[in-house]
Every structure is written in C-alpha cells, then in structure tokens.
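> Structure, please.
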Amino acid sequence: MLQGKQRIEAARTLLPRTFASFRSYNYRLFWCGQLVSQMGTWMQRIAQSWLVLELTHSPDKLGIVTALQFAPILFLSLFAGVWVDRLPKHRMLIVTQTLALGQSLVLAILTLAGNIQLWQIYLLALALGAINAFDNPTRQAFVMEMVGRENIVNAVALNSAQFNGSRLVGPAIGGLIIAASSVGICFLINAISFLAVLIGLLMMRRDQFYNVGPRRRSTEPVGVQLRQGLSFVFGRRDLSVVIVVSSVIACFGYNFNVIMPLMAQTGFAAGADAFGFLMAAIGVGSLIAAFAVATLGRSTLHLLLYGSIAFGALEILTAASPWFLLALALLVGVGYAGVLVTSSANTQLQLSAPDALRGRVMSVYSLMFTGVTPIGALVTGFLADAVHVRWTLGLEASLCVLVPLCALFYVNRLGPAPVAQPELASTA
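You can find the predicted model right below:
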C-alpha cells in the first residue's frame, strides 16, 4: 500500500517537471502554434520529395533539391546570427513566418495548376532556405526569452517533442493524402498552417518576456561580431566537440528526406504510404526521447556522444534489414537516439552562451547542424545513384559511429571544459 502511494506522489511530482515550461503563457502559444505549423511542414517535405521523384525518377535530382533548400543556411547563418542579436526576436519571427507562408502558397498554386516544373521547385527550395537561415537561430534563441534560464533544458526538450510529434503525424497524413489526392494539397495545407504560428506570436504578452540582458546597438562591423561568436564556440573544447559531432550526424545521418523515399521505393519496393510510415517511425522514437529528456531536465556531453554512437549503429542495422516491419522498429530507435543528440547539443550551447552572444552561438549551431545538409544531400543522392541505397545508408551511418567514438576517446582522455547547468529546483 505504501509503495502504491509513493508511486502516485512520484507521478504528481514528475508531471509538472515534464511540462514545466508550459507555465509560461507566451511559450504555450509558441509551442501550440509550432505544433500545427510543423505538421504542415512535414507534409510539405515528403510531398516535395515525392513530387521530385515523380517528375524525374532521379535520386541525384532529389539530392539537389534538398541541397538547394539548405544551402542558404550554409552561407547566411553566421550573418543572420549577428542580426538575431541586434533585433527583437519576436518581430523577426513574424517576418520570417510570413515569408514562409508565402513560399508554401506559391508552391501550392503552381502544383495544383499543373504547371510545376523542376526549375521552379529548385528556386522555391532556395527561397525557403534563405528564410530558414534567419528563422532557425531566431527561434532557438527566442526560447530563452519565453521560459528563462532555469527552464531552458525542459523547453528545448518540449520543442523536440513538438517537432517530432508533428513528424509522427505529418508524414503519415501526407503520405495518405498523396496516395488519395495530390502533392499540391499538402503544400496548401502547409501554407494555411503558418497562420497558427502568426496568430500565436501576435497574441503574446511582451511584458512577460524574460529579461535576458539589454539589447545595445552595436557600432562594431559585422565581421568583428561574427568573429566574436566563432571565437567563443571554438575557443572551448566541449563546445567544439558538440559542433563537430553534430555536424557529422547532420551531414551523413539526418538526410531522411533523401534516403527514406529511396528506401521505400528501392529498398522495399513500396509507395508513398510506406515512405510516410518510415518517417513516422522516426517520429515515434523521437517523441518518446523528447519527453524523457524533458522529465530528466539535464543534458550532458557524454549523453550526446553515446546517443550519436547508438544513432549510427541503428542506421547500419536499418540498412541491412530485409523486412519492412523490422526497419520500422529500428527507425524508432534511430529517432530516440537522434533526439538525445540534438537536445544535448542545443542545451549545451544555450546554457554556455552569454546573452549578448546567444544569437551568434545558435547561428553557428544552425550552420553546422542544418547548413551542412546540402553537402550530405548531394553525397547521398549521387552515392545512391551509383550504388544501392542500402549501401549508401550503411556507409554514411558508419561515419556517424566512427566520429563520436573518436570524440569520446578525446573527451575521456583530456576532459572537456565544464558546462553550466541550470537550476532545476523550480521545475520540480
């Protein structure tokens, strides 16, 4: 009987900690709006991949589209980080989300009209990448202003839960819509979904934003400010490890938009619905991991490294899987390990960054995690065109095991610089 009461009390304590960031009115609006929008975004991602395959039947063209969508992040992220530190993040998000809505609407109109051509997909993918180059570091740095330092680990994990919950639902719905109707409907739904974010941003109470330090107008040249952010990140051993390992995982392990439609078509001789379920399986594992991290409220460098090794190993097993159901089960594990990597990397950088440098620090993360995607997409596309998709996945996953293993040896031998951890008393 006593054990039963202890379990009930433990559950009551656990639940508030898991959702501690929801105490913030502004964060609740942000989280709910992003949940709706991200579901639309995932629908557009799989619809775009499937549309390119339908038009070209070419893996390398799919890689090019993905590369174009992420190339602007590679070239603009560091510049964007300077402006994130200079301008109000709330206003910047309203602008970037409005532009993203317009991009989706144009793509939907062209596709539904039956006039879509490959060069137009290329151009629109490039435009979306330019928007995301400013949107990504702004969204990540804005979290601190909504929840404060004490809840940042929890908020990052809940953001991951929202992102991966949408990845669970969005691709499955998108695959079914493509099979029953057309890819253009997915693009239209995504355009409409941005309204949820914009309404949430406009309803926020500005007097409830956390004061993370005064925003001073800087007279320093942009180049000087860029160097300040880079010097901070790469001047610390622990943060350098975070950036290097994250970039390898992103480049060679996170090309799901390229590798999964090919696995569905070539690896398992299936259609768009199978592609949707492969992506949804990754979302299931990611969602479970996100709530686990949110409840734990802590994130360490070793967790990132062990998660990276597990991520690569599970992808190798997926590449070798002869059965679709086994691949789904393995991809649940891939999703789980992937969230351990991304949430650990994000919170290590957020907690280490001074307020005045947070936008630039997160722009370095955006550059090295998201910006390297064009390289990985091109390599994946051309490699899959030259050899079987299973060999492509296996070879790239092997790098995702080797690099964090080397990093783990380096960290254990030399020891990383200490990273600040938040006070968790208020989240209990």
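
> residues of the helix or strand encompassing Gly276 that come out buried?
In the assignment (DSSP states H and E), Gly276 maps to helix 272-296. Using 16 or more other Cβ atoms under 10 Å as the test for burial, helix 272-296 gives 272-287, 289-296. C-beta here means a position set from N, CA and C on the backbone, and glycine is covered the same way.

> same thing with stretch 32-51?
32-51.

> My read is that Leu93 contacts Pro137, right?
No. In this structure, Leu93 is not within contact of Pro137 by Cβ atoms under 8 Å, at 11.0 Å.

> How much space separates Ser49 from Ala292?
29 Å (Cβ to Cβ, to the nearest Å).

> average pLDDT for the top helix by length along the chain?
Identified as the longest helix of the chain according to DSSP state H is helix 25-56. If you average the pLDDT over helix 25-56, you get 90.

> tilt between it and helix 272-296?
Following axes from the mean of the first three to the mean of the last three Cα atoms, to 10 degrees, one obtains 160 degrees for the angle between helix 25-56 and helix 272-296.

> Check the burial of Arg413 by counting its neighbours.
When counting by other Cβ atoms under 10 Å, one arrives at 7 neighbours for Arg413.

> any idea of the mean pLDDT in whichever helix or strand it is part of?
For Arg413, the element it lies in under DSSP H and E is helix 389-414. If you average the pLDDT over helix 389-414, you get 84.

> what packs against it?
helix 237-252, helix 256-262, helix 301-320, helix 373-386 (3 or more Cβ pairs under 8 Å, 6 or more residues apart in numbering; DSSP states H and E).

> can you rerun that using 10 Å?
Packing partners of helix 389-414 (3 or more Cβ pairs under 10 Å, 6 or more residues apart in numbering; DSSP states H and E): helix 237-252, helix 256-262, helix 301-320, helix 324-352, helix 373-386.

> what's the closest of the ones you listed to Val364?
Nearest of the helices and strands packed on helix 389-414 to Val364, taken as Cβ to Cβ: helix 237-252 at 6.6 Å.

> so where do the helices sit in the stretch 1-150 of the chain?
Here the stretch 1-150 of the chain has its helices, by DSSP state H, counting those that start in this stretch, at 2-18, 25-56, 59-86, 89-112, 118-147.

> how about the third one: buried residues?
Judged by neighbour count (16+ other Cβ under 10 Å), helix 59-86 contains these buried residues: 59-74, 76-85.

> neighbour-wise, which of Leu93 and Pro137 wins?
Pro137 (32 against 21).

> low-scoring stretches of the protein, by residue?
The chain contains residues with pLDDT under 70 at 1-16, 211-223, 257, 272, 297-299, 355, 371, 414-428.

> For Ala327, see how far away the residue lying closest to Ile94 once chain neighbours are set aside is.
Among residues not flanking Ile94 along the chain, Leu201 sits closest, at 5.3 Å (Cβ to Cβ, 6 or more residues apart in numbering). For Leu201, the distance to Ala327 (Cβ to Cβ) stands at 39 Å.

> The two: which is more packed in?
Ala327 (24 against 19).

> who's in contact with the closest residue to Val258 other than its chain neighbours?
Using Cβ to Cβ, 6+ apart and skipping the chain neighbours, the partner closest in space to Val258 is Thr380 (4.7 Å). Counting by Cβ atoms under 10 Å, 6 or more residues apart in numbering, Thr380 touches 59-60, 62-63, 66-67, 251-252, 255-259, 262, 373, 389, 392-393, 395-396.

> quick one: secondary structure of Tyr210?
coil (DSSP: H, G, I helix; E, B strand; the rest coil).

> Return the residues in contact with it.
Contacts for Tyr210 (Cβ under 10 Å, 6+ apart) come out as Ser24, Asn26, Met144, Glu145, Met146, Val147, Gly148, Arg149, Glu150, Asn151, Asp355.

> switch the cut-off to 8 Å
Met144, Glu145, Met146, Val147, Gly148, Arg149 (Cβ atoms under 8 Å, 6 or more residues apart in numbering).

> re the thing from before, how far does the helix or strand containing the residue nearest to Ile94 sit from the chain's center?
In this structure, Leu201 sits in helix 183-202 according to DSSP H and E. Relative to its chain's centre, helix 183-202 lies at 18 Å (Cα atoms, centre = their mean, to the nearest Å).

> Which helix or strand lies directly C-terminal to that helix?
Taking DSSP H and E, what comes next after helix 183-202 is helix 222-234.

> Only the buried residues of that following helix, if you could.
Using 16+ other Cβ under 10 Å as the test for burial, helix 222-234 gives Gln225, Leu226, Gln228, Gly229, Leu230, Phe232, Val233.

> Stretch 375-384: which residues count as buried?
Residues of stretch 375-384 classed as buried by neighbour count (16+ other Cβ under 10 Å): Ile375, Gly376, Ala377, Leu378, Val379, Thr380, Gly381, Leu383, Ala384.

> Among those, pick out the one closest to Phe311, please.
Gly376 (14.1 Å).

> was I right about the closest one contacting Ile259?
No. Gly376 lies out of contact with Ile259 (Cβ under 8 Å); the separation is 9.6 Å.

> Right, I'll leave it there.
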